[in-house]
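# I'll drop the sequence and a predicted model, then ask my questions.
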Amino acid sequence: MRLPDLFSTQKFVLSIEIFPPKTAEGDQALKRSLETLVGYNPAFISCTYGAGGSTQERTLAWCQEIHQQFGLPSMSHFTCVGSTVEELTSWLSSAVALGVRNIMALRGDPPAGQETFRPVDGGLKNANELVELIRRLYPDMGIGVAGYPEKHVEAPSMDADLANLKRKVDAGADAVFTQLFFVNANFFAFRDRCEQLGIRIPIVPGIMPITDFARIRRITSMCGTVFPDALASRLEAVKDDAQAQFDIGVDHAIQQCEELQREGVPGIHFYALNKSDACVRILDQLIGKAD
Ligand SMILES: Cc1cc2nc3c(=O)[nH]c(=O)nc-3n(C[C@H](O)[C@H](O)[C@H](O)COP(=O)(O)OP(=O)(O)OC[C@H]3O[C@@H](n4cnc5c(N)ncnc54)[C@H](O)[C@@H]3O)c2cc1C
């Protein structure tokens, strides 16, 4: 099922993001997590595309696994990094042949050692160009794009970043999935600005439950996510107690999700990091309200 069909037929579109593991043990652990998470009826599972295209085949293999073993639609992430238009086109045709009907169209981050993003000769500069390419080649493809409630790190201003989001929507995106955030007010302000700009497609908040403070600190410092001082202090106080960190992080995510649901979001995209325990705790609280 494609994104537009999912959003038009389901009141609440729950999605889970996974990444392709690097080892056989990782594959087995991810399968176990998914076996648990499918019990919560996600609308689809998305699978990331490794930095620099490093997981091209594994991303597609996992999309197939999602269709065949779990009976769910997939969304394959896809970036412009390191590929010419010809190579992007060829990968897209492999994805379509394997039954992928939704693509998260991204520019990608600059490869390690590069300060700024530079397309390869014959490649694409920004995600809006990738959306255009996909829409032209596959008019029926479901296309998701990234949105940044707290601004993309490279954007000179929120206005410039929102103008970019509008370009992606005008190029044919079907839904926006946001970068992770911990302050709901920033998401609501972003949603209002999108509304003012005439962005009328679903805007789905991306939630990453904090399960390991040090790891989340690394991730948020890379993507510029605001980390509330009060939450940081509570986590800092239990930095040697993994279970206490997990409990605080999950409780925060539950509060975020409950408020997002009350405010009528069309769904939630969980950055599950291939684990099920935090999502299970959150979904046990929310699921009654998601019907
Ligand atoms: C939901 C989600 C999923 C993700 N999945 C992956 C993944 O699987 N693999 C991966 O490698 N990365 C992933 N990322 C990270 C993403 O690749 C990075 O955030 C990347 O730096 C930007 O990608 P983008 O698609 O948002 O780029 P773009 O939309 O192209 O924007 C990149 C920057 O360029 C600016 N910009 C865009 N167009 C113009 C223009 N015409 N003129 C001037 N400025 C412009 C934007 O404001 C922004 O600052 C994901 C991010 C999100 C939010």
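Arrived safely, thanks for sending. Bear in mind the structure is a predicted one, so any value in this text is a computation, not a measurement. Numbering: from 1, shown residues only.
# show the pLDDT at the closest residue to Leu6 other than its chain neighbours.
Residue nearest to Leu6 in three dimensions, not counting chain neighbours: Ala43, with 4.9 Å by C-beta to C-beta, 6 or more residues apart in numbering. Where you see a C-beta, it was placed from the backbone N, CA and C, and this is true even at glycine. Model confidence at Ala43, given as pLDDT, is 98.
# going forward, the N-terminal residue is numbered 355.
Sure, I'll start numbering at 355, so the last one becomes Ala397.
# give me the neighbour count for Ala397.
Ala397 has 20 neighbours, counted by other C-beta atoms under 10 Å.
# what residues does it make contact with?
355, 360, 364, 367-369, 426-427, 621 (C-beta atoms under 8 Å, 6 or more residues apart in numbering).
# among those, which are located in helices?
Leu360 (DSSP state H).
# closest one to Ser408 out of the contacts of Ala397, please.
Ser369 (22.9 Å; C-beta to C-beta).
# so which elements touch the helix or strand harbouring Glu440?
Glu440 belongs to helix 439-451 when assigned by DSSP states H and E. Secondary-structure packing of helix 439-451 (3 or more C-beta pairs under 8 Å, 6 or more residues apart in numbering; DSSP states H and E): helix 410-422, strand 428-433, helix 481-491.
# same thing but at 10 Å, please
helix 410-422, strand 428-433, strand 456-460, helix 481-491 (3 or more C-beta pairs under 10 Å, 6 or more residues apart in numbering; DSSP states H and E).
# do it and the ligand meet?
No - against the ligand, helix 439-451 shows no contacts by C-beta under 6 Å from any ligand atom, the least distance being 13.3 Å.
# quick one: that helix to chain centroid distance?
21 Å (C-alpha atoms, centre = their mean, to the nearest Å).
# picking up where we left off before, how far away is the residue nearest to Leu360 from the ligand?
Noted for Ala397: a distance of 15 Å to the ligand, by C-beta to the nearest ligand atom, to the nearest Å.
# cool, and Phe600?
23 Å.
# so what's that residue closest to, chain neighbours aside?
Thr565 (5.1 Å).
# need the contact list for the one you found.
596, 599-604, 607, 626-627, 629, 631-632 (C-beta atoms under 10 Å, 6 or more residues apart in numbering).
# check the burial of Leu491 by counting its neighbours.
Neighbours around Leu491, by other C-beta under 10 Å: 13.
# do a quick rundown of the strands in the chain.
Applying DSSP state E to the chain gives strands spanning 367-372, 398-401, 428-433, 456-460, 496-501, 529-534, 557-561, 621-625.
# in a markdown table: these, plus distance to Leu589 and mean neighbour count.
Listed next are the strands of the chain as a markdown table, based on distance: least, C-beta to C-beta, whole Å; neighbours: other C-beta atoms under 10 Å:
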| stretch | distance to Leu589 | mean neighbour count |
| --- | --- | --- |
| strand 367-372 | 22 | 23 |
| strand 398-401 | 27 | 25 |
| strand 428-433 | 28 | 25 |
| strand 456-460 | 29 | 25 |
| strand 496-501 | 26 | 25 |
| strand 529-534 | 15 | 23 |
| strand 557-561 | 17 | 24 |
| strand 621-625 | 17 | 24 |
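# can you put the ones you listed in TSV and add distance to Val507?
Below are the strands of the chain laid out as TSV (distance: least, C-beta to C-beta, whole Å):
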stretch	distance to Val507
strand 367-372	20
strand 398-401	22
strand 428-433	16
strand 456-460	14
strand 496-501	12
strand 529-534	10
strand 557-561	15
strand 621-625	17
